[in-house]
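S.K.: Here is my input, please return the structure:
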Amino acid sequence: MISSAALQWIALITMTLDHIGLYFFPNQILFRIIGRIAMPIFVFTLAEGFIHTKSRQKYFMRLGMLGVISEIVMILMRQYTGYDLQINVVMTLALCFIAMLCAERGGVGWFGVAAIAVAAYLFNFEYGAPAVLLAVAFYFICNLRDFHVTYAVTLALALGAFAYATTINSHWTVQAYSALAFVPLAFYSGEKGRRIPYRLNYWYYPAHLLVLLAIRLMLH
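M.R.: Residues are numbered from 1 along each chain as shown. Below you'll find the predicted structure:
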């Protein structure tokens, strides 16, 4: 079985490989395939954190601050790589957090979920509306963890829908491999495990992008 900490390590490692492939080996599709595993795991652990955190306000504030800092890094990435990059994934996770708040309220809250999904699409957030809807699905799935068959089936359906939605109107069908995240998520034990150091967990995303940018600039 896989702990929450192990899931986070898997997400960090696969994300790093994805970005190494994007910036240094764009013709090697294997890096991008492996990288598709990361996003669903990040969304899943966000849903778990949303459910179990002692202070949602502090959680969201940390997430929002990290998203803003990461977007500054993304501005540098766009300027020096020439890539037309979307609004960074941490900002997408912040939208996911708000969407789960709306879904938890139910009723008119579902209009909030729809509005957030539309905004994620219109303003070109990374993974867009599918990520927002996946977060809401994971919020409910996390509460089914004790019923393993139901959990596995609903998890597979959610990931399948996410994989399909991210390939609609796009020729970049590598996104469909995000369904591979089913393998580690299906074996999630519900245990925390040995936690990733706090600072590493929060600052790894913008820090590793800066390191990759520095290496790319030195090589070019």
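
S.K.: Phi, psi for Y188 please.
M.R.: Dihedral pair for Y188: phi -60, psi 130, per degrees, to the nearest 10.

S.K.: Pull up the gap between the residue lying closest to it once chain neighbours are set aside and L213, please.
M.R.: Nearest non-adjacent residue to Y188, counting by C-beta to C-beta, 6 or more residues apart in numbering: I2, 5.5 Å away. Using the backbone N, CA and C atoms, a C-beta is placed for each residue, glycine as well. With distances taken as C-beta to C-beta, to the nearest Å, I2 is found 32 Å from L213.

S.K.: And for Y59?
M.R.: Note on Y59: its distance to L213, by C-beta to C-beta, is 28 Å.

S.K.: Could you do I37 as well?
M.R.: In terms of C-beta to C-beta, I37 sits 23 Å off from L213.

S.K.: Around E191, how many other residues sit close by?
M.R.: 11 (other C-beta atoms under 10 Å).

S.K.: when you give positions from now on, start the count at 49
M.R.: Got it, first residue is 49 now, which makes that one E239.

S.K.: wait, what's in contact with it?
M.R.: 49, 51-52 (C-beta atoms under 8 Å, 6 or more residues apart in numbering).

S.K.: possible to save the residues you listed as JSON lines with neighbour count, secondary structure and pLDDT?
M.R.: Below are the contacts of E239 laid out as JSON lines (neighbours: other C-beta atoms under 10 Å; DSSP: H, G, I helix; E, B strand; the rest coil; pLDDT from 0 to 100):
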{"residue": "M49", "neighbour count": "9", "secondary structure": "coil", "pLDDT": "85"}
{"residue": "S51", "neighbour count": "17", "secondary structure": "coil", "pLDDT": "92"}
{"residue": "S52", "neighbour count": "20", "secondary structure": "helix", "pLDDT": "91"}
